[in-house]
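Enquirer: Quick check, what structure comes out for this input:
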Amino acid sequence: MFFGDYHIHTPRCGDAQGSYDEYIEEALRKGLSEIGFSGHCPQYFLPLEERGRESAIPEEELTLYVREVESLQEKYRSSITIRLGLEVDFVPGKEEELQSIVDFYSWDYLLLSVHYLGTWPFDNPQYLSGYRERDINEIYETYYQTLIAGMKTGFFSAVAHFDLPKKFGFRPAGEVKGEIEALQVCREQNLVIELNTAGRRKPVREFYPAAPILAQAQKLGLNVCLGSDAHRPEEVGEDFREALALLCRLGFDHIAGWEKGIAVLHPIS
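Expert: Numbering: from 1, shown residues only. Okay, the predicted model is just below:
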């Protein structure tokens, strides 16, 4: 059975622990066929003096990141396939600045992420008060509209942690129109949706996205990839068998991977 984990962070991000080799060895131990490093992209959307490495690769180290992963691709060539990507924070109005990162390298894939609504880092536990100060449905609608704007840039390969605002257990009241619209735009833009298992490790205690969203994605004919969002070596490939079982129950028969920006589909046996 093919297992590919395309959401693995890098020691060059300040919020990831362990060495590259430790992540790779864990992938081998768990029988993964392929992995992809997807470090947080440089904080292109902030003024130069405010950029850091707390949850990002510094821009001046992007070349080092590429060289390190290319070296690992050769080192482990006979053991496991290693892809090179980025997790990219999309911030509306900063598309021109983002273009230079998109064009920096012939990435195998780019994950679209939204972690900020305006200046509010809504998935940071230090800023939980923002959920109590805003209308919960408005938060979700704003999130999905931001996600949609990112999808329409044409920069990305897949959408990471699709329903991220639920991370701390704050749920919308009733239907969120932007959710269905975002799935439809995914189809129009030929984007893959990531089944991100890290939600199991968060207060919400479930995969991103939730099963009903995945079911709708299946009806729309969308493809899905797997990502652990590993920030520690032991998290690589975590809960992947349960994730594949869920996909099978929902009617998916393939999972996606990438090579030089092209999606590659692998059968779920």
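
Enquirer: all strands in the stretch 151-269 of the chain, in order from the N-terminus.
Expert: Secondary structure of the stretch 151-269 of the chain (DSSP state E, counting those that start in this stretch): strands at 158-159, 192-196, 224-227, 254-259, 262-267.

Enquirer: hang on, I meant the stretch 1-150 of the chain
Expert: Here the stretch 1-150 of the chain has its strands, by DSSP E, counting those that start in this stretch, at 4-8, 34-40, 81-89, 109-113, 116-117, 120-121.

Enquirer: closest one to residue 141 among the ones you listed?
Expert: Nearest to residue 141, of all these, is strand 116-117, at 10.3 Å by Cβ to Cβ. C-beta here means a position set from N, CA and C on the backbone, and glycine is covered the same way.

Enquirer: Quick check: can you name the pairing partners of the closest one and their directions?
Expert: strand 120-121 (antiparallel) (DSSP bridges).

Enquirer: picking up where we left off before, most packed of the strands of the stretch 1-150 of the chain?
Expert: Highest mean neighbour count among these (mean count of other Cβ atoms under 10 Å): strand 4-8, with a mean of 28.

Enquirer: which outside residues touch it?
Expert: 23, 27, 32-38, 83, 85, 87, 109, 111, 158, 160, 194, 196, 198, 225-230, 236-237, 240, 255, 257-258, 266 (Cβ atoms under 8 Å, 6 or more residues apart in numbering).

Enquirer: quick revisit: kindly reformat the strands of the stretch 1-150 of the chain as JSON lines containing distance to residue 19 and mean pLDDT.
Expert: Compiled in JSON lines, the strands of the stretch 1-150 of the chain are given as follows (distance: least, Cβ to Cβ, whole Å; pLDDT from 0 to 100):
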{"stretch": "strand 4-8", "distance to residue 19": "12", "mean pLDDT": "98"}
{"stretch": "strand 34-40", "distance to residue 19": "12", "mean pLDDT": "97"}
{"stretch": "strand 81-89", "distance to residue 19": "14", "mean pLDDT": "98"}
{"stretch": "strand 109-113", "distance to residue 19": "22", "mean pLDDT": "98"}
{"stretch": "strand 116-117", "distance to residue 19": "29", "mean pLDDT": "96"}
{"stretch": "strand 120-121", "distance to residue 19": "27", "mean pLDDT": "96"}
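
Enquirer: Just send those back as JSON lines, with distance to residue 142 too.
Expert: Listed next are the strands of the stretch 1-150 of the chain as JSON lines, based on distance: least, Cβ to Cβ, whole Å:
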{"stretch": "strand 4-8", "distance to residue 142": "24"}
{"stretch": "strand 34-40", "distance to residue 142": "22"}
{"stretch": "strand 81-89", "distance to residue 142": "15"}
{"stretch": "strand 109-113", "distance to residue 142": "15"}
{"stretch": "strand 116-117", "distance to residue 142": "5"}
{"stretch": "strand 120-121", "distance to residue 142": "10"}
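
Enquirer: quick one: contacts for residue 15?
Expert: 9, 40, 54-55, 231.

Enquirer: just residue 153 next, same as before
Expert: Residues near residue 153 by Cβ under 8 Å, 6+ apart: 90, 95, 98.

Enquirer: Could I get the contacting residues of the spatially closest residue to the last one that is not a sequence neighbour?
Expert: Leaving aside its sequence neighbours, residue 98 sits nearest to residue 44 (Cβ to Cβ, 6 or more residues apart in numbering; 5.7 Å). Residues touching residue 44, when contacts are defined by Cβ under 8 Å, 6+ apart, comprise 59, 94, 97-98, 100-101.

Enquirer: Make a ChimeraX selection of whichever of these turn out to be buried.
Expert: Filtering the contacts of residue 44 down to the buried ones (16 or more other Cβ atoms under 10 Å) takes a single ChimeraX command:
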select :59,98,101
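
Enquirer: Tell me the one among the contacts of residue 44 nearest to residue 186.
Expert: Of those, the one sitting nearest to residue 186 (Cβ to Cβ) turns out to be residue 98, at 19.2 Å.
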